[in-house]
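Visitor: Please work out how this folds:
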Amino acid sequence: MRAIVVEEQGGPEVLRLTEAPDPVPGPGQALVEVASRGINFIDVYQRSGAYKVPLPFVPGVEAAGTVTAVGEGVTGLAPGQRVGWAMAPGGYAEKAAVDASLLVPLPDGVSDDQAAALLLQGMTAHYLTHSVHPVADGETVLVHAAAGGTGLLLTQLAKERGARVIGTVSTEEKERIAREAGADEVIRYTETPVAEAVRELTGGEGAAAVYDGVGRDTFEASLASLRPRGVLALFGQSSGPVDPVDPQRLNSAGSVYLARPSLGHFVADRDELLGRAGNLFRLVEAGRLDVRIGGRYPLAEAARAHTDLASRATSGKLLLV
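Guide: Predicted coordinates for the structure are as follows:
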């Protein structure tokens, strides 16, 4: 089979297409013929060395395809069944052996591309809006990078719960995309100080929650945008890690809360995994959640896809197909 194999961590050029042996499913695993793969910042972090992983490795923690074989002890899955997954390695390949406990059966109304674009970022948006800070009807929340893959899903899920959503974007085109997803107000951070704009839009109160996947470049504005006892959910660091924070600053900002969550802790058992994924799938099938595909790249062009993602010039979800 063909696979992208990383033998040394570094720039996009280390993503090399090679011929690799077909994986064999072990006990508790299923072999999946991969149709579509989500491209995520965690792939960039693992490739670059920001996150240490054993070498060599096949990147890609989110994908969808069809089961072709199952290993010993696997029940509830069979060859021919369409599945998707997040948080399991090996997606940047034509075939992958994945722990069956992480595979989510796909309904007929959800395509492979939609599943590969939805599971990691969609379940992230779900736990942020339903668990880290359960959005209440009428609240105002701030979503950074509102035209990105996670930002668009966050905006829609927050609107589903009755929120007023303020989004941040960099361009006029991204503003249009964010508004189409339901953002009530949009701040172009390249032109307007974010915290000042949030205060003005909320009558000086601030936002009940800030959903921040950008990190270093937005952290100060995020903290300054919160209302008293608000929640800053820092779930990523696309611009780099945030410097250490004196806890006293949380008091000075209004007894606010700082959370640094990750998806694994919010799909900690299979029931929770299937519950979050199922909720998202039902919204897609009902036409209430739009999964925007921002670009499709051949497997051989993984390096170009990583370059485009890191440029932050894209919108929606990028896929390897």
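Visitor: make it CA atoms for all contacts and neighbour counts henceforth
Guide: Fine.
Visitor: quick one, helices of the stretch 1-150 of the chain?
Guide: Under the criterion DSSP state H, counting those that start in this stretch, the stretch 1-150 of the chain contains helices at 41-48, 112-127, 149-160.
Visitor: Quick one: those as JSON lines, columns for mean neighbour count, distance to L232 and mean pLDDT too.
Guide: Below are the helices of the stretch 1-150 of the chain laid out as JSON lines (neighbours: other C-alpha atoms under 10 Å; distance: least, C-alpha to C-alpha, whole Å; pLDDT from 0 to 100):
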{"stretch": "helix 41-48", "mean neighbour count": "20", "distance to L232": "20", "mean pLDDT": "94"}
{"stretch": "helix 112-127", "mean neighbour count": "26", "distance to L232": "14", "mean pLDDT": "97"}
{"stretch": "helix 149-160", "mean neighbour count": "26", "distance to L232": "14", "mean pLDDT": "97"}
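Visitor: Distance to D212 added to these, as a markdown table?
Guide: Below are the helices of the stretch 1-150 of the chain laid out as a markdown table (distance: least, C-alpha to C-alpha, whole Å):
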| stretch | distance to D212 |
| --- | --- |
| helix 41-48 | 14 |
| helix 112-127 | 11 |
| helix 149-160 | 9 |
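Visitor: for these, which one sits closest to G73?
Guide: helix 112-127 (25.1 Å; C-alpha to C-alpha).
Visitor: I'd like to check which residues are in contact with the residue nearest the centre of the chain.
Guide: Nearest to the mean C-alpha position of the chain, counting by C-alpha atoms, centre = their mean, stands Q121 at 2.5 Å. Taking C-alpha atoms under 8 Å, 6 or more residues apart in numbering, we find Q121 in contact with G149, T150, L153.
Visitor: Can you get me a residue count around the residue nearest to D308 when sequence neighbours are not counted?
Guide: Among residues not flanking D308 along the chain, T314 sits closest, at 6.7 Å (C-alpha to C-alpha, 6 or more residues apart in numbering). T314 has 16 neighbouring residues, counting by other C-alpha atoms under 10 Å.
Visitor: how many neighbours does Y92 have?
Guide: By the criterion of other C-alpha under 10 Å, Y92 has 31 neighbours.
Visitor: Could you number the chain from 52 rather than 1 from now on?
Guide: All right, first residue 52 from here; so that's Y143.
Visitor: residues contacting it?
Guide: Counting by C-alpha under 8 Å, 6+ apart, Y143 touches A54, I55, R88, V109, P110, G111, L350, L371.
Visitor: Is V134 bridged to anything, and to what?
Guide: For V134, the beta-bridge partners are G116, P156 (DSSP bridges).
Visitor: Check the gap between A258 and V249 for me.
Guide: Distance from A258 to V249, counting by C-alpha to C-alpha, to the nearest Å: 7 Å.
Visitor: Need the overlap of contacts for the two.
Guide: Listed as contacting both A258 and V249 by C-alpha under 8 Å, 6+ apart are S276.
Visitor: Many thanks, have a good one.
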